[in-house]
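# need a structure here:
(chains A and B)
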2 protein chains.
Amino acid sequence: MSESTSGRGDAPRLRGVLAPVLTPFHADLSPDGRRLSRYCRWLLAHGCAALAPFGTTSEANSLSVEERESLLDAIIDDGVPPDRLLPGTGACALTDAVRLTAKAVRRGCAGALMLPPFYYKAVSDDGFFRFFAEVIERVGDARLRVYLYHFPPVAHVGFSTTLVERLLCAYPRIVAGMKDSSGDLAHTKTMLDAFAGAGFDVFVGSERFLLGGMRAGAAGCISATANANAGAIDRLFRAWSSPEAERLQAEVDAVRGAVEKVPLIPGLKAIVAHFATDPGWLNLRPPLVGLAPGQRDALLADITALKLSMPELRV
Amino acid sequence: MSESTSGRGDAPRLRGVLAPVLTPFHADLSPDGRRLSRYCRWLLAHGCAALAPFGTTSEANSLSVEERESLLDAIIDDGVPPDRLLPGTGACALTDAVRLTAKAVRRGCAGALMLPPFYYKAVSDDGFFRFFAEVIERVGDARLRVYLYHFPPVAHVGFSTTLVERLLCAYPRIVAGMKDSSGDLAHTKTMLDAFAGAGFDVFVGSERFLLGGMRAGAAGCISATANANAGAIDRLFRAWSSPEAERLQAEVDAVRGAVEKVPLIPGLKAIVAHFATDPGWLNLRPPLVGLAPGQRDALLADITALKLSMPELRV
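All right, here's what the predicted structure looks like:
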């Protein structure tokens, strides 16, 4: 039901709404692959064009490389189509990023969403270029499509225009796009103006910027809140050029606003736990912690007032 | 020749000058365990009381967990005494931190130096407490000694006084100290005033603060520049209460100042490459990159003028 790809040149490209999929944990904090794959299928049936597992919202950096690999195997082996997957494969360690990215290609994923290595902060564009060049060369597979994950508010490092240009120039087919989580629509427009003509797809990092982004030529959004509200965000994505667009934007903004009153990842897990009537979804890996009961009650009251629903959520 | 431990209560404690050991890489960027162990032995023979491999200066977060484990095995199997090792075992992923910390204990290391999980930034003390509690409980070994690595300028997260107090209260024998890389002697004094009486050892994160730290009751320093200047820093450590102390502090400050004119880690590798007359030491893992030739020439001129030497360095 969702538009996951559209022909553009030699290969289908991702478009539309992608969820950085929440990672469910057992009580002992081990990841629950079976539950994750059920949830992935639900998201694909309820508004997500594709999925970006192992993002920030997925607590991916709280998982070991082996855990990320096992979960990717689990969801693909359980029937989630790899051409609708854009797993996060960035890591601080070059060897980890190579391993995760090679795995994503080997499993036939649509692309790999890569954070820059985020431990060292005063890093030059040369250093980041060298990192990505090493990953691309070592993976050594023409099927690889790299999406740059630009998230300075959390990573405290990011991609300059010069760096993107250099990467696109060196790897024009492989460097495929960006998730722009700068929180700044002007930045999204700068990236689109500079690179959309070269086939570089920009996804806004929050549906707050979806209408503005689509008007500027974005490919869609990859947003935490798509874990709970993908259907409505997808309606906005499809109707962005219609007279309904402003109203649809306001509706998704209202839900986003309610969730942003609390820490986002535990908030989203509380929403899924509520609609799935399963407190197992509340488990988070430290350093993240769950909402206080008062926060959770207020959040659930807010989303009930906004008539948010997650129909047929049996995950 | 160096004072590595001193009896204090039930177990010997680390004291003195520790180097966060530079990690040598082969030309293909794989780590060179044999060269690392030779260098470790040189450092222990030339001023280091003990060693803190796998720190920031070691590019540890640019290594996979397997690479860190293999290197620890390599240096211990090659004769570096584990009771003089304080390996970095912090990681963003709980499972990685548990695995690395358990390995350090199993190999008989003096302790484990732990960064907090550093990806998520708006993390509560509760979240960090839960992370460290999980690591300590899962390692489940009374021999474990955890040193907290407080480095807000790079990690962008750190340990509040309240958090340290809570950890010390819950794990009084296991939580053993801190590397304070805040760059703020007042913070070091706050930690010492609050917790030194409970047997909590604070190491300053730069020899710039060694004299001030020792006067306030610090246990020594764990400093990047100990990779090149441990002998002089150790002399200051031993003489801190003597009339020579101010002069010795000024001398080590002058070397530190020269190295700080350039990016610290490539600068230190350039110094070791120079004294070892081996350009292999210049290899860095991206995202770090080497000094520009002009920077390197200026650095080597500066340290020559300061008469820095690394005698008998055949590594």
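
# Just name the shakiest helix or strand of chain A by mean pLDDT.
Within chain A, confidence by mean pLDDT, DSSP states H and E is lowest for strand A:5-8 among all helices and strands, at a mean of 42.

# Tell me which stretches of chain A form strands.
Under the criterion DSSP state E, strands of chain A are mapped to A:5-8, A:11-14, A:16-19, A:50-51, A:112-114, A:146-150, A:175-180, A:201-204, A:220-222.

# Tell me which of these lies nearest to residue B:167.
Residue B:167 lies closest to strand A:146-150 among the strands of chain A, at 32.5 Å (CB to CB). The C-beta positions use only the backbone N, C-alpha and C, and glycine is treated the same way.

# close to chain B, is the closest one?
No: if you take CB under 8 Å from any CB of the partner chain as the test, strand A:146-150 misses chain B, and the best it gets is 12.2 Å.

# residues making contact with that strand?
Here strand A:146-150 makes contact (CB atoms under 8 Å, 6 or more residues apart in numbering or on different chains) with A:55, A:86, A:88, A:90, A:101, A:111-116, A:132, A:135-136, A:155, A:158-159, A:164, A:167, A:171, A:174-182, A:187, A:201, A:203, A:205.

# Could you list which of these also contact chain B?
Near chain B, by the rule CB under 8 Å from any CB, you find A:116, A:155 out of those.

# Can you mark which positions in stretch A:169-186 are buried?
A:171, A:174-182, A:185 (16 or more other CB atoms under 10 Å in any protein chain shown).

# before we move on, what about stretch A:141-150?
A:144-150.

# and chain A, which residues reach chain B?
Of all the residues in chain A, those lying near chain B are A:29, A:56, A:61-65, A:67, A:92-96, A:99, A:116-124, A:126-128, A:130-131, A:134, A:153-156, A:263, A:285-289, going by CB under 8 Å from any CB.

# same thing but at 6 Å, please
A:61-64, A:92-96, A:117, A:119-121, A:123, A:126-128, A:130-131, A:134, A:154, A:156, A:285-289 (CB under 6 Å from any CB of the partner chain).

# out of these, which are buried?
By 16+ other CB under 10 Å, the residues of chain A next to chain B give A:61-64, A:92-96, A:117, A:119-120, A:123, A:126-128, A:130-131, A:134, A:154, A:156, A:285-289 as buried.

# which among the buried residues of stretch A:169-186 gets closest to chain B?
residue A:181 (13.3 Å; CB to the nearest CB).

# Can you tell me the closest non-neighbouring residue to that closest one?
residue A:205 (3.0 Å; CB to CB, 6 or more residues apart in numbering or on different chains).

# Could you tell me how many residues sit around that neighbour?
Using other CB atoms under 10 Å in any protein chain shown, residue A:205 has 27 neighbouring residues.

# show me the contacts for it.
Shown in contact with residue A:205 (CB atoms under 6 Å, 6 or more residues apart in numbering or on different chains): A:179-181.

# Compile these into JSON lines and extend it with columns for pLDDT.
Shown next, in JSON lines, are the contacts of residue A:205 (pLDDT from 0 to 100):
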{"residue": "A:179", "pLDDT": "98"}
{"residue": "A:180", "pLDDT": "98"}
{"residue": "A:181", "pLDDT": "97"}
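
# could you redo these as CSV and give each row distance to residue A:47?
Below are these laid out as CSV (distance: CB to CB, whole Å):
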residue, distance to residue A:47
A:179, 18
A:180, 21
A:181, 20
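
# could you point out where chain A is predicted with low confidence?
Along chain A, segments meeting pLDDT under 70 span A:1-11.

# Where do the helices of the stretch 101-250 of chain A begin and end?
Using DSSP state H, counting those that start in this stretch, the helices of the stretch 101-250 of chain A run over residues A:125-139, A:152-155, A:161-170, A:185-195, A:210-215, A:226-238, A:245-259.

# How about residue A:85, nearest residue that isn't a chain neighbour?
Nearest to residue A:85 is residue A:109, by CB to CB, 6+ apart, at 4.6 Å.

# how close does the one you found get to chain B?
Between residue A:109 and chain B the distance is 21 Å, computed by CB to the nearest CB, to the nearest Å.

# Count the neighbours of that residue for me.
Neighbour count for residue A:109, taken as other CB under 10 Å: 26.

# Please report how far it lies from residue A:144.
From residue A:109 across to residue A:144, the span is 9 Å (CB to CB, to the nearest Å).

# Repeat that for residue A:269.
32 Å.

# residues touching residue A:115, list them.
Taking CB under 6 Å, 6+ apart, one finds A:90, A:149, A:155 in contact with residue A:115.

# Looking at those residues, spot the one nearest chain B.
residue A:155 (7.9 Å).

# Skip the chain neighbours and tell me the closest residue to that closest one.
Per CB to CB, 6+ apart, closest to residue A:155 is residue A:118, 4.3 Å.

# now do residue A:37
Closest residue in space to residue A:37, ignoring its immediate chain neighbours: residue A:78 at 3.7 Å, by CB to CB, 6+ apart.

# okay but that neighbour is in contact with residue A:35, surely?
No: at 10.4 Å, residue A:78 does not count as touching residue A:35 under the criterion of CB atoms under 6 Å.

# More neighbours: these two, which one.
Per other CB under 10 Å, whichever of residue A:78 and residue A:35 has more neighbours is residue A:35, with 19 against 14.

# residue contacts, the residue nearest to that one when sequence neighbours are not counted?
Nearest residue to residue A:35, sequence neighbours excluded (CB to CB, 6+ apart): residue A:24, at 4.3 Å. Residues in contact with residue A:24 (CB under 6 Å, 6+ apart) are A:32, A:35-36, A:281.

# now residue A:24: how far from residue A:82?
Taking CB to CB, one finds residue A:24 at 20 Å from residue A:82.

# swap in residue A:202?
Counting by CB to CB, the gap from residue A:202 to residue A:82 is 23 Å.

# Which residue of these two possesses the greater neighbour count?
Counting neighbours by other CB under 10 Å for residue A:202 and for residue A:82 shows that residue A:202 has the greater number, 28 against 16.

# Looks like that one contacts residue A:178 (just checking).
Yes: shown here, residue A:202 and residue A:178 form a contact pair, counting by CB under 6 Å, at 5.1 Å.

# overlap in contacts of the two?
With CB under 6 Å, 6+ apart as the test, residue A:202 and residue A:178 both reach residue A:191.

# Check the offset of stretch A:97-116 from the chain's centre.
14 Å (CA atoms, centre = their mean, to the nearest Å).

# for that stretch, which positions count as buried?
So, applying 16+ other CB under 10 Å, buried residues of stretch A:97-116: A:97-105, A:107, A:109-116.
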